[in-house]
Each structure stands twice: as C-alpha cells, then as structure tokens.
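Participant: missing the sequence, but the structure's below:
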C-alpha cells in the first residue's frame, strides 16, 4: 500500500495492521508511516487546513515535525548516560472569531489531523468569549514550495558512537592529568528537527535544522573545603553537524580549562568596588542576550510575558523608538536569522515568514523591535514614520510540535567596531584598574531588564594596561542603560565570536529555543563589582 | 478539552510487556509516560494563546553486562516499538561499561498514592476561559491589567523491567498564576497556586489578591540595600528552600564539592545546621504533597526526613551511592513539606519595627555552590513595613543570599501552605510557611516594576 493510499483509508481501517493494536486501540499509531515523507506530510497538512476552515477558522496553520535528539554524558573515566530520542507529531493553530486556538497530537494520521483541527477551532471559539479585540496579522508572501536546511558537513547521527564516547573520555583524561583537577563531566547534545509548515495563506515549507553542543566542566578541589570549576564556555552551541565537535577539540583544550580551574583555588579574592571591565565575547554574548535581546522583544514590551519572563523597560514604545540612546555611536545591534551555524538561523519562521536582517540599535539609538505577524501591526506608526513596510521580522518559533508558536528572538549580534579592527590589546591597554572576564558564568536580571548580575569563568586583574594576575569570586552588577552607555571602546572583527544558548526559556507553557549572539570584545567603564565568596 | 488521553494501567502493562518481549538484552527497563495537557494564557485582560496537547513516550533502557543505553520514541506502532528497542540495544552494545550500573530492579512495594482528580482531568477550555474572566473581569473593571496562565495536565507513568517489576501511577496537576499591573506601569501584584485538584483553586480569590497587591504597589520608593529583616510570603520561601532541597545530594557532599561536605572528608549527616524549628520531609503518601510513589528506575519513593529540628538527617542517595555508602537509596521524590509555626503574616507585620515584605522571587541563579549562595530579585509586590504596618511599596531589590543563612535567621513562621513555587508558574507539590527572618542580604536596587 502506498503511503498516500494508506492515509486515505484512515486510521480506523488500518489499526488492525499493527500486531497487538487490538489491545491498544486508542494508543497505537495508525501504522508505520513516515510523517516527514513529503507526500504524506503535504496530504496531512492539507487535510488539517481544510478541516479547520470547514469548522469555522478564518486562518489556520499546521506544523508537522519530527525531532531526533541524542545526548551522551560522561564523568571522569566512565559514561553517565547515552540517550537517543525521537518525537513526532503535529500542531494546528487557528483563528476563530478573532481569537487563537491551538491543539496538538502525537498521532500523525488522517483521522487525527482532522480531529485535532476541529479541536483547535473549538479551543479558539472558547477563547473568543474572553477576547476584547480581534487579532490582526501582518501580510506574508505565500511560499508554495519552500525548502531549507542548516549547513551540514557531517550528520552527527551518522558518526560512530565509539568515536563520540572516545572523544569525551580522552578529553576527561586530559583534564585529569592536571594536578588538582578532581572531577570532570563532559557531554554532547545533538538535535535534528524536520518540520513542515503549511498555512491557509498558501505556504508549504519543509525545513531541516541541526544543532550540536559539546561541553565540559572541570572541578578542582583545594584545601580547607574550597572547590572551583571551569566550564568550556569558549565552545558555544552551533547549528552545525559533527564538524563542530571536531573543531571544538575538547581533548586539546581540556588541559587548559583544568589548569584554569586549579588556578582559581589560589586566585586573589576580588576587592569589591568600581572597575573598568574588558569583557571577552565568550562572556559578553550573554550580557547582550539578557539586557538587549530580551527587552527588545515586542511581546514583552506589550505585556504578554508579564506573568513570567516579565515586561521591558522599553515602554511606552513611542518614548523609546528612535529616541532611546542604548550606547555610543559605534554601537549597532543586528537581528538576523541567516548566519551559517547561528542557532536561530532558518529559511522561514514558524509562521512562514522569510526573516529579514534589521538593526535593533543603529548608531547607538533604539531603531526597531522583534516581531511576529501578530505584532508587526503594533509598530505600524513607527514603520510609517520611517518609511518601512509593516511586516513581521520573522521571529515566530515553537520548540516542538506540541506547543504553539510565539515570539522568540533571532540571532541578536553586537557588530564589531564600524571603522577599524580594534585589537584586544588596545582594550586592555586603556585600563588602569580593571578586570578582564572570560566566559559566561552566573547570570540574573530583573523582569524589566534593568538590574543584572553576571559572573564568569576566568577573571584577570588589569593594572596600568597589563594583566597582572588571577582573581576569583567576581560578579558585576549593572543597570542596563548606564552599562551600555559606559562602553567606551569596542573590539574589531578579529575579536568577534559567536556565543549562544541551547536552552533559552520563555513563555507559558515554558518553551526553550536556541539562539546565537555574535559580538566582539568590549570595554566598559566604572562598573560595580562585588565579591561573591561569602563563607558559611 | 475532549476526554483526556493517557495510558491506563492495563494499556501500560500490555504495552510494556510487548516492548520487553522484543528485547534480547541481558537487562531491560521500559518507562512509559503519557499525558494530555491544556492551557490558557491571557494578557491585557484577554486570552492570548492556549492549547491542548496529547503526547506519550516509551523509553527503553537496555543493558548487556554493564553496557547500558536508552532510547525514546513517541511512536507506538509495532515498527516504532521494535525500532526503539533495537536502537537502545545497538547503543548499549557500543558504549563502554558503566562500572556503576547495578542492573534493574525486580518487583517492589509502593505506598498508596494517586494524586488524580476528575475535576482537573475534565477541565475544559470553556471552564478555563471562565476562570480567567474571574480575574480579568474584576481587573478590567478596576482599570488594571491582568495577565496569567492556567495549565492542567492528566497523565500516567509506568515502569517495567525484565526482572518482573511493574509500577503504574496516574496523576493530575493544575496551576493558576496571575500578575496584575497598574496601567501607568508603576505597580504590579502577583498571586498563584498549584494543586492536584482543580476544585481547591479559587480563581476569584487569587485574582483579588493579585489586584490588591497591584494597587498597593503603585509608585514604589527606593530603600537602601543591605541587611534587612524580611517577611517572606510562602511562595518566596519556597523559591529559596527549593535551592537547598536540590542541593541535598549525598555524592557531591561526600566528594567534597557541596555545602554538605564536611571539612576533612565525608558529609554533614547528623550535624545541626539550621534553626531547630526547621524540619523538612518528603512523603508521597501525604495527600497535601502527594507524589509519584516510584522513581524512574522503579525505586520506591517513601517518607524521608531530610532535616529534623535543624539537623541534617538524610541526603539523596541513588542506588549506586547508597550501596557504596552502606545506606538505603532514597530516590528524589521532588516534593516536600517544611515545618512552620503559628504566626500569621499579619502578626509578623505587626511585630516588625522596620522590614520588607516580599511576595515572590525572580531569576534565581547559582553564584557559589560552597554556600548554596544564589542571586535573584524580589518581584510583583515588595513593601516596606514600619512600626507594625505596611507603609509604602518599595522598589525591587537584588539579593545575594543562601537558604542556609535564611533558615538560620528565622524569627517567626506561619502554618505551611501549598504554593506554586516555580518561576514559570507550573510547580510541584511544595508546602512551606511564611517566614520572618533577620539579616537577609540585599545588594542593589532594581527599577523594574
């Protein structure tokens, strides 16, 4: 039986095909179908859209996706876990009477897509009773046959398991060679997402995304109950294949990370006070993420996240767009979803919008905000004023088939110095009394993104333009506007690095997405530093 | 939501046996999880998004000797089930031996616990929308802006092993949280709750609490950071005590990399390290904090006393570390009950000359594991208490503090209550009191409302 033919027969007729399905009539999937088979998914998608329309939806989209993940972890000389997982299903989103409805199921079959589409419509109808204003969506170009894949050299799921395990255990062994390094964990995470999107606006898009994330953490234990750790934060997660793991070279770097963990045991505890900071991009990406990327999400600004991730200091919008000085003239913050290897890079977002490249901060001034189709019309006045079309920037995302898509950040990058390649030495050279921070560590920021506290991995004391020794127990506290306006010099392209988060949380129900942030090193004046080494 | 779907005991047992019949491994375990979830989210006094979803997964753990690996799928057709078994077995043959693998468990005895309530399982989108309007309606009428989230789930999980173990439990859970803001952006109030039984959540009362706090928190004034006497409402207490509960790990303590490590080796079991009024237990059979009676391996979750009158009585031991330490494995029940006192929050306020009343904490992240030092901020209702009464709302503050210090500085406690203790509003079963404590460390001010 061909797949399409099977689908047309529906689940009920085929339930008997699977041995044992008689005792599990409601649980067995219809049959061994591959929902990512283009013919199958197109057929299912069209059925879902038709069912939604027939039930009263004025708009509908459907996402069918299959996620494959693999996670392996080790400690010292042994494996901790090796898990391989797959998850397949679909979600239907509709607008009914101006309100959203959404329903999802793991059972990818012809009957179930129709049932779930009707359930989503019923959901939307229930919600419309508690809706005061109808939804308005920004226009989108139909993409009838879209296809996009993450750039990939080596599929991580085809790499022999022995090779992966061997790499991690070799890295652990290298770390444990360092005197004082007592504990080490290492891991690899891989993800492949195959997703199909179709909407009543005429789009049908297939995409395949890959992500890879190798990591290590080394703990040194000293005298008197002290212990210190160093994580491999100069290896960022990437939307790449296994080539990223090979390039990351954990075995080659493990000894250095272990030595840095051991050195922290005898490092000088920082004296609290005001310091100039030179922040390496391995650290700065997270500060950008928290204090620029999140507060420029329009759903936060409008109050959609007020009960969880919070709102934003950027409010009311009219007082900020085109007026608010985030930083000096050389500060440019870009949103994009096209950088090869960027975790947020895609061909189309989860509403079928082709993302564009835009400047969130232009020459130091707030210039634009992150949007979806529902949100772009909220900025219509600003776009009219600046001669831009009212269109979504393509920032819609759902972590999986079982949750509704909503606004998530694109890759948000701090661009390097616009006119010259400022080297790291020049940033350090201009500091009399300061600290260089390498790697991201502890992080926390308030619900409007003003007050933040950041730790790090490695801290170097700078005196009179030179690094003079190691520090520990360092964290800086900042207020976003003053902090960024205190950035007096930014590094050039040669200091640029793409950091990122594999697990960035937002939304209710909470969803994680992965996002990259490229940035150069940068220098900040007069930042408040605290000592975190309180004793019990 | 239509009738919630999840694996019944009979379905789970049949499915587990079928999967096990496919295995050729020396040892095998099957974990089955299934649930139907429904949620409605609202903002600006109207529903923003919502969704109903059904998913089920089967995880197979296969072992050849001490070579172990797992694979998971949500495809339950025969091909999908055979494939997941084959994947787990293929991986297990390839990975190195795990010297700590103790094999799978045989049949076990479990306490009775089934935190399942029809009122939660049968909650419909219409009822969710009506509940939300009990908050959004009054908020809108008072010219306030309410947002929030109502989520419920109905599901089951089961464990079966090739050695004859089969365990099954089903449960329901629901949480409702709301943040109400003043339209000028100068005030914000929060209230929330989590239960297994929807009938125990009172949406209107919860909304009223958030509304009252929002009104009270308008135009906050700045106070100096430093060491403050605090009155932490139960949610804020749980935000802190969670941090210590998660750190109660025997292995990291024994290995010298935990607050619970003893200088010179070993751990602090038997040491008094908190105020003697503090007792913390887990008990999956207690209906107030009911939890799954077994863990992922099928190990029974039983009543555990972690802290008794301020003394460390137990740490979390997995099977391997328990065997090595000659102790009983404890599992990680994930729910707990902390002792309290008989002082109400109102009495705490009346007895306070100068202090801060805190509703909840936000963006809590680790700073130093040596002292379980975390940082975070107050949020959605922080008030100055002077001469026995609330005198004004204050700006939020960043704290750098450890639950160890907090639970050593207790001045008074209320009766424990169940709270929604997670930052995203979807919490486990946690019961804690409100606490009045001295010398809580705030390190800076936040302008965030």
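Facilitator: Received the coordinates, thanks. Everything numeric here is computed off the predicted structure, so don't read it as measured data.

Participant: Tell me the helices and strands packed up against the host helix or strand of residue A:122.
Facilitator: Assigned by DSSP states H and E, residue A:122 belongs to helix A:110-128. If you count contacts as 3 or more CB pairs under 8 Å, 6 or more residues apart in numbering or on different chains; DSSP states H and E, helix A:110-128 packs onto helix A:3-14, helix A:38-55, strand A:59-75, strand A:78-96, strand A:99-105, strand B:46-64, helix B:125-141. From N, CA and C alone the C-beta is placed, and that goes for glycine too.

Participant: helices and strands around the third one, which ones?
Facilitator: Okay, so that is strand A:59-75. Applying 3+ CB pairs under 8 Å, 6+ apart, we find strand A:59-75 packed against helix A:38-55, strand A:78-96, helix A:110-128, helix A:161-176, strand A:181-199.

Participant: Mean pLDDT and mean neighbour count for the ones you listed - can I get that in a markdown table?
Facilitator: Below are these laid out as a markdown table (pLDDT from 0 to 100; neighbours: other CB atoms under 10 Å in any protein chain shown):
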| stretch | mean pLDDT | mean neighbour count |
| --- | --- | --- |
| helix A:38-55 | 94 | 20 |
| strand A:78-96 | 95 | 23 |
| helix A:110-128 | 95 | 25 |
| helix A:161-176 | 97 | 20 |
| strand A:181-199 | 97 | 22 |
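
Participant: Helix or strand next in line after the helix holding residue A:122, which one?
Facilitator: Later in the chain than helix A:110-128, the nearest helix or strand by DSSP H and E is strand A:146-149.

Participant: before we move on, the earlier item: roughly how far out does the helix holding residue A:122 sit from the chain middle?
Facilitator: Chain-centre distance of helix A:110-128: 30 Å, with CA atoms, centre = their mean, to the nearest Å.

Participant: by how many degrees do that helix and strand A:59-75 diverge?
Facilitator: Orientation check (axes from the mean of the first three to the mean of the last three CA atoms, to 10 degrees): helix A:110-128 against strand A:59-75 gives 110 degrees.

Participant: possible to save the helices and strands packed on helix A:110-128 as CSV with distance to residue B:188?
Facilitator: Output for those, formatted as CSV (distance: least, CB to CB, whole Å):
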stretch, distance to residue B:188
helix A:3-14, 48
helix A:38-55, 37
strand A:59-75, 33
strand A:78-96, 30
strand A:99-105, 25
strand B:46-64, 18
helix B:125-141, 12
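
Participant: Might you list the low-confidence residue ranges for chain B?
Facilitator: Scanning chain B for pLDDT under 70 picks out B:1-2.

Participant: near chain A, which residues of the stretch 201-350 of chain B?
Facilitator: Neighbours of chain A within the stretch 201-350 of chain B, by CB under 8 Å from any CB of the partner chain: B:255-257, B:259, B:261, B:263.

Participant: which of those residues count as buried?
Facilitator: Among those, the ones that count as buried by 16 or more other CB atoms under 10 Å in any protein chain shown are B:255-257, B:259, B:261.

Participant: which one of the residues you listed is nearest residue B:100?
Facilitator: Comparing those against residue B:100 with CB to CB places residue B:255 closest, at 13.6 Å.

Participant: secondary structure class for residue B:228?
Facilitator: Three-state assignment for residue B:228 (DSSP: H, G, I helix; E, B strand; the rest coil): strand.

Participant: hang on, isn't residue B:333 packed against residue B:303?
Facilitator: No - using CB atoms under 8 Å, residue B:333 is not in contact with residue B:303, being 9.1 Å away.

Participant: Who has more neighbours out of those two?
Facilitator: Neighbour totals were compared for residue B:333 and residue B:303, and residue B:333 leads with 25 against 12 (other CB atoms under 10 Å in any protein chain shown).

Participant: Within the helices and strands, which one has the more buried one?
Facilitator: Counting by DSSP H and E, residue B:333 is found in no helix or strand.

Participant: and it, how far is that from chain A?
Facilitator: Distance from residue B:333 to chain A, counting by CB to the nearest CB, to the nearest Å: 21 Å.

Participant: if we can go back for a sec, make JSON lines out of the helices and strands packed on strand A:59-75 and add distance to residue B:82.
Facilitator: Putting those into JSON lines (distance: least, CB to CB, whole Å) gives the following:
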{"stretch": "helix A:38-55", "distance to residue B:82": "20"}
{"stretch": "strand A:78-96", "distance to residue B:82": "14"}
{"stretch": "helix A:110-128", "distance to residue B:82": "22"}
{"stretch": "helix A:161-176", "distance to residue B:82": "20"}
{"stretch": "strand A:181-199", "distance to residue B:82": "21"}
